[in-house]
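*Asks:* okay, structure incoming, though there's no sequence with it:
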C-alpha cells in the first residue's frame, strides 16, 4: 500500500534556476547520486513521455511524465520496474509501485523559491526516502544557490 511522504526546502534562487538544476542533464545526476551513485535518467522530460530512472547496471523504474508546467510543476507516475535493460512484466514486486507518483512543485516570492516534493512510497522504503530525499534536496539547494 502506498504512503505519501512530503519534503520542502527554501532556496535563494529563482524558480527557473531550481528547475534547471532539477532536470538538467548535467545537474540531475549530481543531486540524485544519494539514491544511487551512478543514477541517470533517460527521458526528454516532456508531458506524456516515458522516463527510465536507472542505475549503472540498467536497473530501476519505468515511469511517465504525467504533468509538466515549466518552472512550476513536474509530475512523474511510476509504471513498473526495469532490470538490466529489460522492462519487467507486472508481478508481486513491481505491482506495489504501480501508479506511485512523485510531484515537484516550485513557487517563488522575491527570488526565494520553495520546492515541495510529494512522493508515494511503500512502507518498507519510507524511512529510506525520509533520509535520502532530505540529502538530495540539500544538494539541489546548494547547486541552485552556488552556480
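*Replies:* Right, received. Where do you want to start? Treat the numbers as computed from the prediction; the structure is a model and nothing was measured.
*Asks:* name the element the spatially most central residue of the chain belongs to?
*Replies:* In the chain, the C-alpha nearest the mean C-alpha coordinate belongs to residue 102, at 6.3 Å (C-alpha atoms, centre = their mean). Element membership of residue 102 [criterion: DSSP states H and E] is strand 101-109.
*Asks:* mind listing the strands that strand pairs with, and their directions?
*Replies:* The sheet places strand 101-109 alongside strand 73-83 (antiparallel), strand 112-122 (antiparallel), with pairing taken from DSSP bridges.
*Asks:* can I get these in TSV with distance to residue 61 and mean neighbour count?
*Replies:* For the C-beta atoms, the positions are set from N, CA and C on the backbone; glycine is no exception. Formatted as TSV, those follow (distance: least, C-beta to C-beta, whole Å; neighbours: other C-beta atoms under 10 Å):
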stretch	distance to residue 61	mean neighbour count
strand 73-83	5	19
strand 112-122	12	18
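*Asks:* save those strands as JSON lines, and put in distance to residue 31 and mean pLDDT too.
*Replies:* Putting the strands paired with strand 101-109 into JSON lines (distance: least, C-beta to C-beta, whole Å; pLDDT from 0 to 100) gives the following:
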{"stretch": "strand 73-83", "distance to residue 31": "14", "mean pLDDT": "92"}
{"stretch": "strand 112-122", "distance to residue 31": "11", "mean pLDDT": "96"}
